[in-house]
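Asker: how does the following fold in three dimensions:
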Amino acid sequence: MSITLILIIITVAISWYAWNNPSLLDKWMLNPYRVIQKKEYYRFITSGFIHADFGHLLFNMLSLWFVGEGIERLFGMLFGPDGRFYYLFLYIVGIIVSDIPTFIKHRKNAKYNSLGASGGVSAVLFAAILYAPLLQVCLYFAICMPGFIFGLLFLGYSFYESRRGRGYVNHDAHMYGAIFGMLFMAVVYPASVPGFVEQIGSWRLF
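Answerer: Next up, the predicted model:
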């Protein structure tokens, strides 16, 4: 069984359980104020394994399934048996790192909460985009485009919405998870950077 599938099963099970146990949902979601006041740093990790509703969970887990399996196999090819640890590090640390800006921004707001695996999923997706920028990314199985174009649109939208500060979506987690994913891939496999440039240089719209 792949690490990706194990992560999905665990996340679905915990999210489902938390929906039926509000006290657990409250205890595990990221609340920056409580992290500081009660030293509950575990929330940086646990918040990535619970979701707000079924739609939120489905979108994140489908995204992880479609991209994660490929990155997991790639890491196995590049790093051998250690590849699974590289992959887990990318995903788990992606969740943690993506929440740090949110933690800093809302550390004095006792009412702010954040949850979901979006930071980790974004890290995996953008690691894939750096390695294979021409990889086709499809939105809702209908609108498909090369990964690097999707990446530019995704980062631009996340930055814009983060500055607006409206709604309940943690756009900072999306953006910083994506940045972490690219940096991680560039560090562990430096050849991905010139490869990225070369592949984009060969791309033609028609």
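
Asker: make it CA atoms for all contacts and neighbour counts henceforth
Answerer: OK.

Asker: report the separation between the residue lying closest to Tyr41 once chain neighbours are set aside and Met29.
Answerer: Using C-alpha to C-alpha, 6 or more residues apart in numbering and skipping residues adjacent in sequence, the residue nearest Tyr41 is Val35, 5.5 Å away. Distance, Val35 to Met29, using C-alpha to C-alpha, to the nearest Å: 10 Å.

Asker: please tell me how far Ala132 sits from Lys105.
Answerer: The value you get for Ala132 to Lys105, if C-alpha to C-alpha is used, is 33 Å.

Asker: and Ile9, by the same measure?
Answerer: Ile9 is 32 Å from Lys105, by C-alpha to C-alpha.

Asker: what touches both of Val35 and Met29?
Answerer: Overlap of the contact sets of Val35 and Met29 (by C-alpha atoms under 8 Å, 6 or more residues apart in numbering) consists of Arg43.

Asker: give me the more crowded residue out of these two.
Answerer: Remark: of Val35 and Met29, Met29 carries more neighbours, 24 against 16, as counted by other C-alpha atoms under 10 Å.

Asker: got phi/psi on that one?
Answerer: phi -70, psi 160 (degrees, to the nearest 10).

Asker: so what's it closest to, chain neighbours aside?
Answerer: Ser47 is the one closest to Met29 (C-alpha to C-alpha, 6+ apart), at 4.4 Å.

Asker: who's more crowded, Ala132 and Lys105?
Answerer: Ranked by neighbour count (other C-alpha under 10 Å), Ala132 and Lys105 place Ala132 first, with 18 against 11.

Asker: got a pLDDT number for that one?
Answerer: Looking at Ala132, its pLDDT reads 95.

Asker: if I pick it, what's in contact with it?
Answerer: Contacts of Ala132 (C-alpha under 8 Å, 6+ apart): 147, 196, 199.

Asker: re the thing from before, you'd agree the residue nearest to Tyr41 is up against Ser47?
Answerer: No - using C-alpha atoms under 8 Å, Val35 makes no contact with Ser47, being 11.8 Å away.

Asker: before I go, just wanted to say thanks for your time.
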